[in-house]
Each structure stands twice: as structure tokens, then as C-alpha cells.
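Colleague: Fold the following.
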Amino acid sequence: MSFAAGDGKKSEPSSSYSMQRLDEEQWGLVAWVQDSIKEGNLKNIIDSDIRGEISPKCLKEYVKLAERCLQNSPKHRPTMAEILFSLESVMAIQERFNNSLQSASRTLFGRMVNLFLFPSNQENSVQGDIKLSTNSNGNNMFPHMKEVPAHFPGQSPILKEFKFSDLKKATSSFSPDLVLGEGRFGKVFLGWVEENTLAPSKQGVGMAVAVKMHTQGAAEWLTEVNFLGRLDHPNIIRLLGYCRDEHEYLLVYEYMQHKSFDLFLFSDMAEPLSWVTRLLIMIGVARGLTYLHSKNIIHRDINPCNILLDEDFNAKIKDFELAKNAPKNREAHVSTRVIGTYGYAAPEYIATGRKAMDAQRPKGQQNLVEWATCVGSNVKEIMDPRLEGKYPRHAASEYVAIALRCVANDPKHRPSGEEVWGSLEVIDILYI
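Modeller: I've put the predicted structure just below:
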């Protein structure tokens, strides 16, 4: 509302729309703006001092966003991530209207966008610094982000902004033959780029990368960039760059040769993994979670589909579209909506009347938490029969004990990520 009824300073209201001049029925600002929008009286809600500076298209998009923010039903209102992205788009429209190359932070809409930048303690933010590379006009697409290196062989540049045409070339026009997988947020394609410059390369030449084409829109895409762009850990997938082209939102990651963990657990396409390899993977996941929790980050969707495996079966956690920051003061975390993968969530998180199910698991085991709890300490029944008993019994018993603590009904009785990691390392040392 920084364009309405004043200039944003309570002590200095606009000369045109000070509270003294508003009619009594206009004192309910929300209702007044809603009525003005409904009646098409847009000029009434814009500060007269800046009314002539705004392009008609820009004004239309801004009003549409304001109208969404004022929806009576909370579920119809946009998230802060959506607001930020929409304001970035509005800013771009205004800058084209101004025909200027001046920095976004110095334009009218650039100043307004700064009011909505994520502080470090908000839901879709994370501590640390990141900078995305600039667009063709030299303006940073996300001016609140600072530099962070993308880690891959060769010199470490800033997080790269890819052209859509380059990613199209790198993936052979997003060939169906190069689809690595498809999840809730879109398809992932195999692409090829030059190792040092990340320029597009011919298929089979250079360095393989994974290119995700988002289908869920800007909010989740931006959340992924905000989190992964700041994280640096061997058990967290590495984000190399991003692409935003009109309505296309893409991300470029390092390529994982063995794809996701679920293919080895629930598919006949791959050979069953040995006990040692599975333990290695779980140690990697626990190490990655410990790192995330040390940064006050809640992933909110840890499941086998979101655990990638490199050529040596080292685990890397992926898909941060649903991630958020945990409270720093250790107060209980309360979420207004249940998200993630049913069957892997904590009981108190899914206490909304909806069953936590995962149809990808074998029949009778779709709800992993309930199944593991009911089976209890019966090691033989819990262990994958494809292991054919080829695992150390004492180690398996210790492993099951950890698993049962992790699915305890009372959160106070569950171990921390660091405790899980340490316990798994002990099993590895003593029994392998």
C-alpha cells in the first residue's frame, strides 16, 4: 500500500490523501481500496505526486497484486515469495517504460521492492550472502542477493544466469530421450556444458548437468534459488545456475550418476544395494540434515525421492522448494499447512485428519512411520528381504533402535540429526 493514502511515512501523509481529507467511510483502508478497484477508480488509490510516473500496464499489474493481497480468504492471498517475484516483474515493466538503464534500486519500483525483501528470520529466507549474475541491462535480477560461488571443477564463478536458448541447446531442445526424471515441481533433463565456462556443449561432450524445468511457478523456484544458492556441503546438491525467461523457470544442478535413492528401494530397474552402501547413504543424509539444522533450515520433504546418489553412492539432499527457516529461539514450529510427502512426516505434523500415505511403498508399508512403529524391534521383518540376511545382526539391531527413536510419537524422545549421524558412524566403525 506504499502508493496509496500517503508516501509510507505515517507522520507525513500525502497532501492529496491525508487521513484528515478522507471521508469517514474511507477510514477502513482495505475496504476502501477494494471498492475503488472494483469500481475501476484506480486514480483514487494512487498518490497524486507519482500518478503520472507510472505506466498503464505497470499500474494494472500492481493493482492486480494488491487486490490479491486484500483477499478476504487467507488461502487466496499470495506468499511473500510470490509478492517479491511479482514486484520484480512490475519493476521490469516500469523500467522498460522509462527506457532507462538505471539501477533497479534507484527507480520508483526498485525502492518499493526493497520494502518486501526477505529479512533473515522470515519463512523463505536463509542466512548468508548470494548474488545472481546480472541481466542483459546490467541490473541484478534479485538486488538483495550478494555473491556466492557455485562449486564445480575449475574457477568458482558467481551463480550463473543461463540463457534459455543455451539450456535448450544443452538438452537437445529438451529431448524426451534426455529426461532423467519427473517430480512434483517439473521434469529434469540431462544436459551438457563446457566444464569451465558452462557454455552449452554437444551431447556427450564436456560436463553433464541436470536441468530442471519448473512447472509450479515462480514462488517455489525462487525458494530453491534462495536456499541452495547459499548452501555449501558435500551432502547437499549443488546449484550451478538458474534461468528465468518469460514464463519459463529453470535451474541447473550438478549431475548425479545414480539418480535417486528410491529407484534402488522400490524399483526392479536397479540391483539391490548392499548393507554397507545403504549405511553409507544414511550417514550422508544424516550429515546433510545436521548441516541444514545448524543453519536453522527445515527441509520439510526428506524422502528417498529427494536423496540423490553420485557415482560412489554418496548421498546428496535435493528439492528445497518447500524448505523454510526454523525459529532461532527454539520455540515450537507451527505450520499453517501440511506439505511434504505423506508417510514420512512426523505424526504431530500431519495431525489434520489426513492419513500420511505414500503409494510408492509396498502394500501395507505406505505409511512408513506407522509401519515401522508397529513392527517394533523385529529386525528381520524391518530389513529389506532382498538383502538375503547379508548384514551384521548386532549392527542391524542398533540401526533399528535408532529408527524407532526417530519415529517416536513424542518429539522429545527423537534424536537430533547430529545424534543420528554420530550413532550411524559408530555402527560403521564397530561393525563394518
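Colleague: immediately after the one helix or strand in the chain whose mean pLDDT sits lowest, which helix or strand?
Modeller: Across the helices and strands of the chain, mean pLDDT, DSSP states H and E gives its lowest value to helix 108-113, namely a mean of 40. Next along the chain after helix 108-113, taking DSSP states H and E as the criterion, comes strand 160-161.
Colleague: That next one pairs with which strands, parallel or anti?
Modeller: Strand 160-161 pairs in its sheet with strand 239-245 (parallel), by DSSP bridges.
Colleague: got any ranges where the chain has weak pLDDT?
Modeller: For the chain, applying pLDDT under 70 flags the ranges 1-28, 42-44, 51-52, 81, 85, 96-157, 327-377, 432.
Colleague: Now with 50, please.
Modeller: Flagging of the chain using pLDDT under 50 yields the residue ranges 1-22, 24-27, 100-157, 330-340, 342-343, 347-366.
Colleague: now the helices for it?
Modeller: Under the criterion DSSP state H, the chain contains helices at 29-39, 56-69, 80-98, 108-113, 164-170, 218-228, 262-266, 275-294, 368-375, 379-382, 393-406, 417-431.
Colleague: Who are the packing partners of the first one?
Modeller: Just to be clear, that refers to helix 29-39. Applying 3 or more Cβ pairs under 8 Å, 6 or more residues apart in numbering; DSSP states H and E, we find helix 29-39 packed against helix 56-69. The C-beta positions use only the backbone N, C-alpha and C, and glycine is treated the same way.
Colleague: Check the second one too.
Modeller: With contacts taken as 3+ Cβ pairs under 8 Å, 6+ apart, helix 56-69 sits against helix 29-39, helix 80-98.
Colleague: Kindly report the domain assignment for this structure.
Modeller: Using automatic domain parsing, the domain parsing of the chain gives 24-116, 160-254, 262-431.
Colleague: hey, which of those domains is tucked in deepest?
Modeller: domain 160-254 (a mean of 19; mean count of other Cβ atoms under 10 Å).
Colleague: and the end-to-end length of it?
Modeller: End-to-end distance of domain 160-254 (Cα to Cα, to the nearest Å): 13 Å.
Colleague: How much space separates residue 192 from residue 158?
Modeller: Using Cβ to Cβ, to the nearest Å, residue 192 is found at 22 Å from residue 158.
Colleague: related to what we said a few turns ago, tabulate the helices and strands packed on helix 56-69 in JSON lines, adding columns for distance to residue 268.
Modeller: Listed next are those as JSON lines, based on distance: least, Cβ to Cβ, whole Å:
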{"stretch": "helix 29-39", "distance to residue 268": "57"}
{"stretch": "helix 80-98", "distance to residue 268": "39"}
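Colleague: of all those, which lies closest to residue 66?
Modeller: helix 29-39 (6.9 Å; Cβ to Cβ).
Colleague: Do I have it right that residue 284 meets residue 316?
Modeller: Yes - using Cβ atoms under 8 Å, residue 284 is in contact with residue 316, at 7.4 Å.
Colleague: Touching both of those two, which residues are there?
Modeller: 234, 235 (Cβ atoms under 8 Å, 6 or more residues apart in numbering).
Colleague: May I have stretch 233-252 as PDB, with CA atoms only?
Modeller: Extracted C-alpha coordinates of stretch 233-252, given in PDB (Å, rounded to 0.1, in the frame of the first residue of the first chain):
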ATOM      1  CA  HIS A 233      28.100 -29.100   1.800                       C
ATOM      2  CA  PRO A 234      29.100 -32.400   0.200                       C
ATOM      3  CA  ASN A 235      25.700 -33.900   1.100                       C
ATOM      4  CA  ILE A 236      23.600 -31.100  -0.400                       C
ATOM      5  CA  ILE A 237      23.000 -31.000  -4.200                       C
ATOM      6  CA  ARG A 238      25.000 -28.100  -5.800                       C
ATOM      7  CA  LEU A 239      23.100 -25.500  -7.700                       C
ATOM      8  CA  LEU A 240      25.200 -24.200 -10.700                       C
ATOM      9  CA  GLY A 241      22.800 -21.600 -12.100                       C
ATOM     10  CA  TYR A 242      19.300 -20.500 -13.000                       C
ATOM     11  CA  CYS A 243      17.200 -19.200 -15.900                       C
ATOM     12  CA  ARG A 244      14.200 -17.000 -16.000                       C
ATOM     13  CA  ASP A 245      12.700 -16.400 -19.400                       C
ATOM     14  CA  GLU A 246       9.200 -15.000 -19.600                       C
ATOM     15  CA  HIS A 247       7.100 -17.900 -18.200                       C
ATOM     16  CA  GLU A 248      10.000 -20.400 -18.100                       C
ATOM     17  CA  TYR A 249      11.700 -21.100 -14.800                       C
ATOM     18  CA  LEU A 250      14.700 -23.400 -14.900                       C
ATOM     19  CA  LEU A 251      17.500 -24.500 -12.500                       C
ATOM     20  CA  VAL A 252      20.800 -26.200 -13.400                       C
END
